[in-house]
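S.K.: sequence? don't have it. structure:
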């Protein structure tokens, strides 16, 4: 390996430590780019690297820092890893409430009772039972039309097969038809992990885990609180316990306040919910400006296929959507559903399948 | 204007390309010039990402003009499939051919099959057309609007610049087209595709560059107006609007002002023409309400 190649390899190692996925193949591309440029020009080296090693706007500040540190002479300035320290609580710790130890009748009827009880009021053992049942939830996924076709009795003309058939028969005997196949429709789930939602956050994330497991490619899960954090990758782990552990490490703002409006705006600026089913699980205790939330909900409703709000308190008969956030969001919702018990989650799963 | 044809291999430096782009009224900064230069020299697709209206599509158009090559555009949308992007068989003409053959008493199925799957019954869609046209500039616009399945077959085409047609054989480009892929980043494009490309993130231009662009593209524009519009555009971009204006929008806005005979940005005409810069009712209301257009 010559000097230049060695330098670039070492530089990409620094970049990887800083969180930029600059692998060997990309390093090769940078070397090839440098073949066409002037090595004596610092600008050319900078751009050759930036154009071949980076893959998104998030990479750019990291690249700039590493480049300055590495080619500016002060290599030590680059930290080993870009892991930010996170405060870690679990929902169970902050939301634990002891239920009264009731008598245990037959298992079946006990499960039936458990199914309708508010998860915030369960004992640890009961909650574990509910979570076990949640992980068994394998609802069917909502679908959308895809670009592929399959042969069918009715539908559009299948020109290719009609011509083939005509060739075999020597004439056009009949017209063959085809229709679009379906693909899972994207589901975007927002889980409020702020203080007021603490008793429900873990159960909701377990529901999210079940959802991701049934459609890993078509589900995105974000935690909302004071910050928007995507946790889909963490939830892909097969074991719910491990997945939840990873999620609790990834979420930096457990049990804080809620700025739903700002976070939805951030989501809508950087991502899109076009054609997706959007599920927001929150009690609507908005700390920010409710009118901002209203405006973002309106944008969301225009993009999304359906917007469903899950509110744990909706399960009670005397519930009224009185919180500022809830009132701002209400006009833009397709559904407002309960989210306090296993039965409620089962109903939600069923609703998603037919959305 | 240059008369000779520019060939990518004759280009010696990003600066030279920047100057050529400049002659065609496209003002590129160092980063973009280097990106385009490398795309031409390395024969590697250029993946341009950035907000709407920062000049991604315009670059492809200018490169086509510069290279005197046709611009072949594939606009992506949800549900875009192979028959729209690669090729399709001309069903009507195939059937007509069969009917004619039948009338002439030809019954040899093997021969008929050979005849109807001939190149002349094939309709080339943008990707195939780009491989068959040399030189050409292929613009794959707004890839983020297509499905991820489409990315997979685009990746296949961009990897070795071949398209295999089962009935006909493989079409190969002797010299690959210049490829520009754009994305507004409404969703993440798969890394495998970006890996094949040079990646460039395009920002809104700085104040000086925007003034220069306005003066260059709109001959009737005074320096005062260009300065004021560029400054206002900078403020609008910092105001957290739903859709901040891009260069395309500032150009439209200035043109609208010029049409009304404005020589500078007075509040009345600015408000009347704001629709050229802002495309959301919420944004217009906010800007007018907060007095963001006031001189400063």
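M.R.: Noted; the coordinates are in hand. Since this is a predicted model, take the numbers as computed values, not measurements.

S.K.: low-scoring stretches of the chain, by residue?
M.R.: You didn't say which chain, so I picked chain A. Applying pLDDT under 70 to chain A flags residues A:1, A:72-113, A:136-140.

S.K.: please go with chain B instead
M.R.: Those would be B:1-4, B:294-296, if you go by pLDDT under 70 across chain B.

S.K.: hmm, try it at 80
M.R.: Along chain B, segments meeting pLDDT under 80 span B:1-6, B:9, B:106-107, B:291-296.

S.K.: Domain ranges for it, per the record?
M.R.: When chain B is parsed with automatic domain parsing, its domains come out as B:8-77+B:130-201, B:87-121, B:207-290.

S.K.: highest average neighbour count across the ones you listed?
M.R.: Burial of these is given as mean neighbour count (mean count of other CB atoms under 10 Å in any protein chain shown); domain B:8-77+B:130-201 ranks first at a mean of 19. From N, CA and C alone the C-beta is placed, and that goes for glycine too.

S.K.: now the end-to-end length of it.
M.R.: End-to-end distance for domain B:8-77+B:130-201: 23 Å, by CA to CA, to the nearest Å.

S.K.: Now do it: distance to the chain's middle.
M.R.: How far domain B:8-77+B:130-201 lies from its chain's middle: 8 Å, per CA atoms, centre = their mean, to the nearest Å.

S.K.: Could you see whether chain A lies near that domain?
M.R.: Yes: counting by CB under 8 Å from any CB of the partner chain, chain A is contacted by domain B:8-77+B:130-201 at B:13-14, B:30-31, B:34-35, B:37-38, B:41-42, B:44, B:49, B:147-150, B:185-188, B:191, B:194-195, B:198-201.

S.K.: Just the ones in strands from those residues, please.
M.R.: B:49, B:198-201 (DSSP state E).

S.K.: As TSV, those with distance to residue A:206 would be great.
M.R.: TSV is the format used below for those (distance: CB to CB, whole Å):
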residue	distance to residue A:206
B:49	35
B:198	43
B:199	37
B:200	41
B:201	37
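
S.K.: what sits against the closest residue to chain B within the stretch 201-350 of chain A?
M.R.: Taking CB to the nearest CB, chain B has its nearest neighbour within the stretch 201-350 of chain A at residue A:272, 3.8 Å off. By CB atoms under 8 Å, 6 or more residues apart in numbering or on different chains, the residues touching residue A:272 are A:303, B:186-187.

S.K.: Sort out which one of those lies nearest residue B:259 for me.
M.R.: Of all the contacts of residue A:272, residue B:186 has the smallest distance to residue B:259: 32.2 Å, by CB to CB.

S.K.: Next one: that closest one relative to residue A:165, how far apart?
M.R.: For residue B:186, the distance to residue A:165 equals 41 Å [CB to CB, to the nearest Å].

S.K.: repeat for residue B:161
M.R.: Counting by CB to CB, the gap from residue B:161 to residue A:165 is 34 Å.

S.K.: Also residue A:302?
M.R.: 45 Å.

S.K.: Those two: which has the busier surroundings?
M.R.: Taking other CB atoms under 10 Å in any protein chain shown, residue A:302 and residue A:165 do not tie; residue A:165 has more neighbours (16 against 11).

S.K.: show me the residues around the residue nearest to the more buried one when sequence neighbours are not counted that make contact.
M.R.: What sits nearest to residue A:165 in space, not counting adjacent residues and going by CB to CB, 6 or more residues apart in numbering or on different chains, is residue A:176, at 6.2 Å. Residue A:176 makes contact with A:151, A:157-158, A:161-162, A:165, according to CB under 8 Å, 6+ apart.

S.K.: What segments of the stretch 101-250 of chain B are helices?
M.R.: Counting by DSSP state H, counting those that start in this stretch, the segments of the stretch 101-250 of chain B that form helices are B:109-116, B:126-132, B:148-160, B:191-195, B:207-217, B:223-237, B:247-259.

S.K.: could those helices be laid out in JSON lines, adding distance to residue A:12?
M.R.: Shown next, in JSON lines, are the helices of the stretch 101-250 of chain B (distance: least, CB to CB, whole Å):
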{"stretch": "helix B:109-116", "distance to residue A:12": "52"}
{"stretch": "helix B:126-132", "distance to residue A:12": "32"}
{"stretch": "helix B:148-160", "distance to residue A:12": "22"}
{"stretch": "helix B:191-195", "distance to residue A:12": "14"}
{"stretch": "helix B:207-217", "distance to residue A:12": "31"}
{"stretch": "helix B:223-237", "distance to residue A:12": "33"}
{"stretch": "helix B:247-259", "distance to residue A:12": "33"}
